[in-house]
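Trainee: Generate a structure from the sequence data that follows.
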Amino acid sequence: MDPATNYPTTNFAAHCAADVFEKNGVKSRLLSACTLIQADIQYCQSKGKKVLLSIGGVWGGDPAHAYNVSSVANGQYFSEFLWKAFGPVDPTWSGPRPFDIDQAHPTVLDGFDFDIEIEFKKAPGGYAGYIALIQDLRTRINQAGTGQIITGAPQCPLNPDFAYMNGIISAVKFDKLFM
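Mentor: Reported below is the predicted structural model:
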């Protein structure tokens, strides 16, 4: 999360312009001009394809690649943010919805995929923040009855150096795992 705005950082390569959302006049690292992705998501969904938001990826200490969810409270906050920004439309939400074409054409993603590559024994809070995040998302999905899924993309579990998601996988329910 960007400490100045409490919005997550996004990176969609060259599929978004450099525009970002602002909060109280402060620019975030959450991309806002993703018109190609907006149209593509709705097109793919119209063809029966599920579109997931992937969270994580290459981890690093720099702000663009540091994505540790360091506490249960942060995990619950992040879950609420993801749900309201990328899930079913909540009319009380005044925060960003990066993939909506406009209010008449909202984009509701089909789920959330976790590719967590941070070494948790070195991360503040260990697995607790991610467990809270995924459990809270699961509760929201179940309550809404909208059919979103939660998937994971752990590194090869046979190599202990890359088994960063083991503690999460042991604690929460994933609908699918992509090794």
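
Trainee: Sketch out the low-pLDDT regions of this structure for me.
Mentor: Filtered on pLDDT under 70, the chain yields the residue ranges 1, 60-66, 120-125, 156-163.

Trainee: what sits against the most centrally placed residue in it?
Mentor: With distances taken as C-alpha atoms, centre = their mean, residue 55 lies nearest the centre of the chain, 4.3 Å away. By C-beta atoms under 8 Å, 6 or more residues apart in numbering, residue 55 lies in contact with 67, 82, 112-116. No exception for glycine: its C-beta is placed from N, CA and C like everyone else's.

Trainee: ditto for residue 44
Mentor: residue 51.

Trainee: On the three-state scheme, it is what?
Mentor: At residue 44 the chain is in helix, as set by DSSP: H, G, I helix; E, B strand; the rest coil.

Trainee: could the contacts of residue 55 be laid out in a markdown table, adding neighbour count and distance to residue 138?
Mentor: Shown next, in a markdown table, are the contacts of residue 55 (neighbours: other C-beta atoms under 10 Å; distance: C-beta to C-beta, whole Å):
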| residue | neighbour count | distance to residue 138 |
| --- | --- | --- |
| 67 | 20 | 20 |
| 82 | 19 | 12 |
| 112 | 24 | 10 |
| 113 | 19 | 14 |
| 114 | 24 | 12 |
| 115 | 18 | 18 |
| 116 | 25 | 16 |
